[in-house]
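Chemist: Requesting a structural model of the entry that follows:
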Amino acid sequence: MKGLTSRQAEILEFINRFIKNNGYSPSMEDIRIFFGFRSPNAVTCHLRSLINKGYLSKEISKARALRLKFSSSGYGIPVLGKIAAGRPVLIEDFSEGFLFSQEEMKGVFALKVKGDSMKDAHIYDGDYVIVKKNVDINNGDIVAAIVEEEATVKYFRRIKNKVFLIPANPSYKSIEIKENFILGKVTGVLRKL
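Modeler: As a prediction, this is how the structure comes out:
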């Protein structure tokens, strides 16, 4: 776990297991006893660090109010419900899980897009494409590939025994490549506003 001491990682995992097993967070005394700390101050210091590093949140006015900011199966962006793009809807205070779980993130990396060859596929200059390695690639999938020692993003098309990278902008030409130059399948696009 990035940015955590081994003890902080252990405490975070304990909190996670405790919540899964009991349906509520452990008290400071539960944590102190489990780890054998002599003083509650040690627990307070570790929890404060975990909160400052963004792994936990705590409601000050409530007991057992620790909340994890990651899923038990990995880290991610919490999905808190639905939002209307038409008439407004009520936002409920619940979690539908996480946008990216640890399992989903295996073999995944991001590349920053430079250029406009995929603009008609709504992938624009400055976007980030999320790429998954070691997955089946089919005709019509968007892929990241190596062309002349540089990475590019294009549609994948196999015609007979040849592999082509097809742009989503008529200003660009298709590129023939060898299949082993495919880095992976584009599974998502992130755009900062």
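Chemist: list the helices and strands the longest helix belonging to the chain packs on?
Modeler: Across the chain, the longest stretch assigned as helix under DSSP state H is helix 6-22. Applying 3 or more Cβ pairs under 8 Å, 6 or more residues apart in numbering; DSSP states H and E, one finds that helix 6-22 makes contact with helix 28-35, helix 40-52, strand 66-68. In short, each C-beta sits where N, CA and C put it, glycine included.
Chemist: So which residues of this protein form strands?
Modeler: 56-58, 66-68, 108-112, 128-132, 142-147, 150-159, 162-166, 175-177, 182-190 (DSSP state E).
Chemist: Just the buried positions in the first one, please.
Modeler: Looking back up the chat, that one is strand 56-58. Leu56 (16 or more other Cβ atoms under 10 Å).
Chemist: The last one now?
Modeler: By neighbour count, with 16+ other Cβ under 10 Å as the criterion, the buried positions of strand 182-190 are 182-186, 189.
Chemist: For beta bridges, what are the partners of the closest residue to Asp141 other than its chain neighbours?
Modeler: Counting by Cβ to Cβ, 6 or more residues apart in numbering, Phe156 is the residue found nearest to Asp141 once chain neighbours are left out, at 4.9 Å. Note on Phe156: beta-bridge partners Leu165, judged by DSSP bridges.
Chemist: May I see the strands of the chain arranged in CSV, with distance to Lys119 and mean pLDDT as well?
Modeler: Output for the strands of the chain, formatted as CSV (distance: least, Cβ to Cβ, whole Å; pLDDT from 0 to 100):
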stretch, distance to Lys119, mean pLDDT
strand 56-58, 39, 79
strand 66-68, 39, 79
strand 108-112, 15, 86
strand 128-132, 13, 90
strand 142-147, 13, 91
strand 150-159, 11, 93
strand 162-166, 14, 93
strand 175-177, 17, 90
strand 182-190, 12, 91
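Chemist: for those, which one sits closest to Phe37?
Modeler: Phe37 lies closest to strand 66-68 among these, at 16.0 Å (Cβ to Cβ).
Chemist: So which other helices or strands are in contact with that closest one?
Modeler: The contact analysis (3+ Cβ pairs under 8 Å, 6+ apart) places strand 66-68 against helix 6-22, strand 56-58.
Chemist: how near is Asn161 to Lys133?
Modeler: 23 Å (Cβ to Cβ, to the nearest Å).
Chemist: With that, I have no additional questions.
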